[in-house]
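K.L.:
return a 3D structure for these sequence lines:
(one chain, ligands or ions: 4)
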Amino acid sequence: YVKARGKNDFQLFTPQMQQEFHRKVMIEKQLQTALVNEEFELYYQPIMDLKTNEMIGMESLIRWNNKTLGQVPPDEFISIAEETGLIIPIGHWVLNTAIEQNAHWQKTTNQPIYVSINVSVRQLLDPTFLEKLKNTIETTSLHPSQIVLEITESIAMYAETTIEKIAELKKLGITLSMDDFGTGYSSLSYLTKYPLDSLKIDKSFAINMHRNDENKAIIQTIIAIAKEFNLKVIAEGVEEQETCHFLAEIGCDYAQGYHFSPPLPASEFQEKWL
Ligand code: C2E
Ligand code: MG
Ligand code: MG
Ligand code: MG
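P.N.:
Residues are numbered from 1 along each chain as shown. Ligands and ions are numbered 1, 2, ... in the order given. As a prediction, this is how the structure comes out:
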């Protein structure tokens, strides 16, 4: 992008681009030491059964608190972690922490409330991913069925490697969920290629759903697709009671959102939900 200011006078970056670039460089730099400085924390958000209104699982969501940058949202730093490869150690930390925490909670509460963990495609492509995951499962003795891995439609772009990887995860007994369903890849053929257990409807469709007929139609269509493929459906971004009613009526199985609870730090989650 070159912005013309007049004859022979070009500015390569607009001030806004410069600012964005600077911020990105800062994030990249601070990310390098974030793990050793213990700057990451996992928050947990309940996943509710719409029929019984009971919690059936929880999603782990990473938080980053850096002394220079403050709180940096995952939507901003995860893509940078993916570009730099730092997502491999960070993702490993997430898997370990989430599985250990869940194993601990299952022991102390005696309730099989599963943990759902976001995994980047970059992590799946890491040749040591499976081995590391197996180790964590062994040391925590959490039953693999209590671990849900949330993957995104982008895995279909790396079908050659990921189909096999996903099959192996499935063999371990792990549950698989397609996150942000409806926003990414344009072909649905991957639904026949990957042994998925559930679809998570992207939050953009459920937010304000009961006031938006188009979003309602999209959600109904996604539920129909899920039923066709024998998959469970989870709606994300459920902020209002009316949305809940409507989702239950049209056969959505599970829901997650501010209506029930925002993501919470482990101690607070334990206090309120366990
Ligand atoms: P996601 O996996 O789709 O997670 C759902 C996001 O929606 C979370 O944002 C959650 O805080 C937010 N959310 C939950 N309920 C509501 C609601 O009712 N209304 C609205 N407006 N938002 C709601 P968050 O925590 O900022 O995470 C953003 C994304 O960052 C996640 O989207 C996921 O793609 C990624 N992410 C988060 N943690 C991890 C992680 O440990 N590893 C990887 N690879 N990605 C992660
Ligand atoms: Mg997710
Ligand atoms: Mg999502
Ligand atoms: Mg996402």
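K.L.:
and the helices in the stretch 151-274 of the chain?
P.N.:
159-172, 190-193, 203-206, 213-228, 241-249, 266-273 (DSSP state H, counting those that start in this stretch).
K.L.:
turn the ones you listed into a markdown table, including mean pLDDT.
P.N.:
Written out in a markdown table, the entries for the helices of the stretch 151-274 of the chain read as follows (pLDDT from 0 to 100):
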| stretch | mean pLDDT |
| --- | --- |
| helix 159-172 | 96 |
| helix 190-193 | 92 |
| helix 203-206 | 95 |
| helix 213-228 | 95 |
| helix 241-249 | 95 |
| helix 266-273 | 98 |
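K.L.:
out of these, deepest packed?
P.N.:
When you average the neighbours per residue for each of the helices of the stretch 151-274 of the chain (mean count of other C-beta atoms under 10 Å), helix 203-206 leads with a mean of 20. The way it works is simple: take the backbone N, C-alpha and C, and place the C-beta from them, glycine included.
K.L.:
packing partners for it?
P.N.:
helix 213-228 (3 or more C-beta pairs under 8 Å, 6 or more residues apart in numbering; DSSP states H and E).
K.L.:
just the closest residue of the stretch 151-274 of the chain to ligand 2, please.
P.N.:
Ligand 2 sits closest to Asp179 of the stretch 151-274 of the chain, with a gap of 4.2 Å, by C-beta to the ion.
K.L.:
mind listing what that residue touches?
P.N.:
Asn118, Glu150, Ile151, Thr152, Lys200 (C-beta atoms under 8 Å, 6 or more residues apart in numbering).
K.L.:
can you check Ala103 too?
P.N.:
Taking C-beta under 8 Å, 6+ apart as the test, what Ala103 contacts is Thr140, Ser141, Leu142.
K.L.:
residues of the one helix or strand Gln19 maps to that come out buried?
P.N.:
Assigned by DSSP states H and E, Gln19 belongs to helix 15-34. By neighbour count on 16 or more other C-beta atoms under 10 Å, the buried set for helix 15-34 is Ile27, Gln30, Leu31, Ala34.
K.L.:
next secondary structure after it?
P.N.:
strand 40-49.
K.L.:
can the next helix or strand after that following strand be found next to ligand 2?
P.N.:
Downstream of strand 40-49, the next assigned helix or strand under DSSP H and E is strand 55-66. No: Strand 55-66 stays clear of ligand 2 (C-beta under 5 Å from the ion), getting no nearer than 5.6 Å.
K.L.:
any buried residues in strand 55-66, and which?
P.N.:
Met55, Ile56, Gly57, Met58, Glu59, Ser60, Leu61, Ile62, Trp64, Asn66.
K.L.:
who's in contact with the closest residue to the fourth one other than its chain neighbours?
P.N.:
Going back to what we said before, that points to Met58. Distances taken as C-beta to C-beta, 6 or more residues apart in numbering place Tyr44 nearest to Met58, at 4.5 Å, with adjacent residues excluded. Tyr44 is in contact with Met58, Glu59, Ser60, Leu61, Gln101, Val115, Pro263, Leu264, Ala266, Phe269, Trp273, counting by C-beta under 8 Å, 6+ apart.
K.L.:
from these, pick the one nearest ligand 3.
P.N.:
Nearest member of the contacts of Tyr44 to ligand 3, counting by C-beta to the ion, is Glu59, at 8.7 Å.
K.L.:
so the closest one touches Ser261, yeah?
P.N.:
No: Glu59 is beyond contact range of Ser261, at 11.0 Å (criterion: C-beta atoms under 8 Å).
K.L.:
shared neighbours, the two?
P.N.:
Gln45.
K.L.:
coming back round to it: least confident pick among the contacts of Asp179?
P.N.:
Within these, Thr152 has the lowest pLDDT, namely 94.
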